[in-house]
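Peer 1: Give the three-dimensional model of this entry:
(chains A and B)
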Amino acid sequence: MEWKLVEGRPIWIQLYEQLVYAIVSGRYPCGSRFPSVRELASQAQVNPNTMQRALSQLDAAGLTYTQRTDGRTVTENQTVIEIARRTLAKEEIFRYLNGMKNLGYEKAQAVAMLEEELAHEG
Amino acid sequence: MKDEIILACKDLTKRFGAICALDNMELQLKKGRIVGLLGPNGSGKTTLIKLINGLLYPDEGHIWIDGVEPGVFTKSIVSYLPDKMYFADWMKVKDLLEFFEDFYLDFDKNRAMEMIRTLSIDPELKMKSLSKGTKEKVQLVLVMSRKAKLYLLDEPIAGVDPAARDFILHTVLTNYDPGSTVLISTHLISDVERVLDEVVFIKQGKNILHDSVDRIREKTNKSVDVLFREMFSMIPKAQDGFVRPGDLRSAAPEQEGNHPHPENETQNTNMEGETK
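Peer 2: Here you go, the predicted structure:
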């Protein structure tokens, strides 16, 4: 997967966000084995301790869990994943509305234009 | 185990004639960290690394590596990448592997061979026939193929192209033992920032900042690279005492207005000084 890191924000938070995205978008399906810290750190070219911190946060959020002997697994709990997915969806919607607002469109206009676009796509 | 100290420096001072290269340096590094040693040219990075290696002796103060002062024993647990090439250029790559195998008990020749193969370097080639970047890669392979407790890498990425730089960082990340510590000196911070746990800023032979990369980003909302540029800026400071990254550009229109550019002010005072 593509890792994008920007300046000025803690690296572990950015890694965490991208891992959440990978889970809710189905890249790592429910109940599947999660790659190891080393694997992910080497893939993202980041420090393993930083990746560990991001992964611990995934555990804390209930999106993954660790068994002592058997590495990390994506949760089987669909509800938890759905909640995380909704949160990200809301952020996307907010980003769209905010962008339209900055361009000077009212909310109703933004919705109408979105529907128009969808009708076009058919 | 992770919180054990692998390297401690106390009141470390080294002078070269009138120049004080290290000035009462205090430093403690824990096991299992990748640490960036960052400072401008001439700040004392290489001097510190040479002292830790026992290549120089301190004028004052002490160094302990895993509790022992530098000497024969510490050389067996420290793997050092110097800032210069030191191998005889008539030697073949495979000769060097054997040389290291003879020399260091903790050298893993199979691992080194594997890395040489991954890099598509022909082990039968002589060092003198290799490009500068390839020589540096070979040297890094040798250094990282030891199972050391402390790796000291002096400017490992300075002279190589971006692809080789990625390889070097990848090698450091994948080959170091989770219990060992890597100290990387560099001034190319943006390239290494994401692989570091912590950074040490040194200025005029003193340790002026030692913190984790993410804590610096959290506290300042800046990357370590940007913070470094601010702290070591050679550009005369703006009125509020801070040079922001955009200052050079935003200052340009001001120059035409009534506000003199700080840079001009300094030049003026210099000129006055000369005429007096």
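Peer 1: which residues of the chain score low on pLDDT?
Peer 2: You didn't say which chain, so I picked chain A. Counting by pLDDT under 70, chain A contains low-confidence residues at A:122.
Peer 1: Wait, chain B was what I had in mind.
Peer 2: Residue ranges of chain B with pLDDT under 70: B:1-3, B:159, B:234-276.
Peer 1: Can you show me the strands along it?
Peer 2: For chain B, the strands defined by DSSP state E cover B:5-16, B:19-30, B:34-38, B:60-65, B:78-81, B:150-154, B:181-186, B:198-203, B:206-212.
Peer 1: so which of those is the most packed in?
Peer 2: Stretch with highest mean neighbour count among the strands of chain B: strand B:34-38 (a mean of 25; mean count of other Cβ atoms under 10 Å in any protein chain shown). C-beta coordinates here come from the backbone N, C-alpha and C atoms, glycine included.
Peer 1: which residue sits closest to A:Arg85, ignoring its sequence neighbours?
Peer 2: A:Val24 (4.0 Å; Cβ to Cβ, 6 or more residues apart in numbering or on different chains).
Peer 1: Return the distance of that neighbour relative to A:Ile83.
Peer 2: 9 Å (Cβ to Cβ, to the nearest Å).
Peer 1: Looking at those two, which one has more neighbours?
Peer 2: The residue with more neighbours, out of A:Val24 and A:Ile83, is A:Val24; 20 against 14, by other Cβ atoms under 10 Å in any protein chain shown.
Peer 1: Just to check, B:Ile208 is in contact with B:Leu227?
Peer 2: No: using Cβ atoms under 8 Å, B:Ile208 is not in contact with B:Leu227, being 11.5 Å away.
Peer 1: Now for those two: what residues contact both?
Peer 2: Counting by Cβ atoms under 8 Å, 6 or more residues apart in numbering or on different chains, B:Ile208 and B:Leu227 have no contacts in common.
Peer 1: before we move on, the earlier item: so which of the strands of chain B gets nearest A:Gln78?
Peer 2: Closest approach to A:Gln78 among the strands of chain B is made by strand B:206-212 (36.1 Å; Cβ to Cβ).
Peer 1: Mind checking what secondary structure A:Gly26 has?
Peer 2: At A:Gly26 the chain is in coil, as set by DSSP: H, G, I helix; E, B strand; the rest coil.
Peer 1: Near it, how many residues? Count them for me, please.
Peer 2: 11.
Peer 1: got the phi/psi numbers for it?
Peer 2: Phi and psi for A:Gly26, reported as degrees, to the nearest 10, are phi 90, psi 10.
Peer 1: dump the residue contacts of it.
Peer 2: Contacts of A:Gly26 (Cβ under 8 Å, 6+ apart): none.
Peer 1: Distance check, it against A:Val74.
Peer 2: 10 Å.
Peer 1: just checking, what packs against the helix or strand where A:Gln18 lies?
Peer 2: Assigned by DSSP states H and E, A:Gln18 belongs to helix A:11-24. Under the contact criterion of 3 or more Cβ pairs under 8 Å, 6 or more residues apart in numbering or on different chains; DSSP states H and E, helix A:11-24 touches helix A:48-60, helix A:78-102, helix B:213-220.
Peer 1: Of all those, which one comes closest to B:Gly32?
Peer 2: B:Gly32 lies closest, by Cβ to Cβ, to one member of the helices and strands packed on helix A:11-24: helix A:48-60, at 7.6 Å.
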